[in-house]
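1. Here's my sequence, what's the structure:
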Amino acid sequence: MDEEISIPVPLPCDSDGFLRRECPSCEGQFKWLITDDDSSAIPPDQYFCPLCGVAADTNSWFTREQLEFMQSYAAPQIERMIQEAVGDAFGRIDAIEFKTARSLEIDSDTVDALVEPDDMLIAEPPCHPSEPVKVPEERMGVLFCLLCGGLYEV
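-> Purely as a prediction, here's the structure:
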C-alpha cells in the first residue's frame, strides 16, 4: 500500500489569525500568522525561530499540546480506515468471519478541541513585513526573522 493518507486536523488560531508554534531547539513558544494567500510563491524549506534564531524544517514547529491533540483526533479515523481495509481484504472470504471492534466506534468529534488564547504581542520584521510573529511580552527586544533569520529589534 503506497497510498498517502491525509487527515485534516483543525488547529485553532487566535482572534488575529496567529497559530501557536514551539521552537524545536529552545522550546520557546511564539505565534506566526496564518494566511489564505494562495500566491505562486515557493514555500520555504525551513523557518527560523524568532526567539533563538535556529532554523528547522517547516514541519518541526508543533507544540506538545498540538501533537497530542493531532494524535487523539486522527487515531480513531486511522483505526477505522484500517478496519475497513482489512474488512475489504478478508471480509468476503467464506471461511473468515470479520467483525469491527467496538472500541473503534470512537468519533474524532469527541476529542476536546484546543483553544488558542489572545496572548503575546505582534512583532513585524523590517525585512519581511508580511510575515509578522507574536512573541511573549517579556521576549520583546531583539528577534530573528521567521523567513531569513535576520536580526531586528522591536
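
2. ranges for the strands of the chain?
-> Counting by DSSP state E, residue ranges of the strands within the chain are 18-22, 29-33, 46-48, 55-57, 121-123, 133-135, 142-144, 151-153.

3. what sits up against the last one?
-> Translated: strand 151-153. Applying C-beta atoms under 8 Å, 6 or more residues apart in numbering, the contact partners of strand 151-153 are Gly53, Ala123, Pro125, Pro126, Cys127, Gly141, Val142, Leu143, Phe144, Cys145. Glycine gets a C-beta too; all of them are placed from N, C-alpha and C.

4. residues near the second one, how many?
-> Right, Ala123. 20 (other C-beta atoms under 10 Å).

5. Show me what it is bridged to.
-> On the basis of DSSP bridges, Ala123 is bridged to Val133.

6. ok, it to Ser6 distance?
-> As judged by C-beta to C-beta, to the nearest Å, Ala123 and Ser6 stand 33 Å apart.

7. returning to that earlier point: looking at the strands of the chain, which is buried most?
-> strand 133-135 (a mean of 23; mean count of other C-beta atoms under 10 Å).

8. Mind putting the contacts of strand 151-153 into TSV with distance to Cys23?
-> Below are these laid out as TSV (distance: C-beta to C-beta, whole Å):
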residue	distance to Cys23
Gly53	10
Ala123	15
Pro125	16
Pro126	22
Cys127	19
Gly141	16
Val142	15
Leu143	12
Phe144	10
Cys145	14
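
9. in this protein, which residue is closest to the centre?
-> With distances taken as C-alpha atoms, centre = their mean, Phe62 lies nearest the centre of the chain, 5.1 Å away.

10. Tell me the backbone dihedrals of that residue, please.
-> With angles defined as degrees, to the nearest 10, Phe62 sits at phi -70, psi 140.

11. all numbers from here: first residue = 11
-> Fine by me, first position is 11 from now on; the one you just mentioned is Phe72.

12. If anything else comes up later, I'll come back, but that's it for now.
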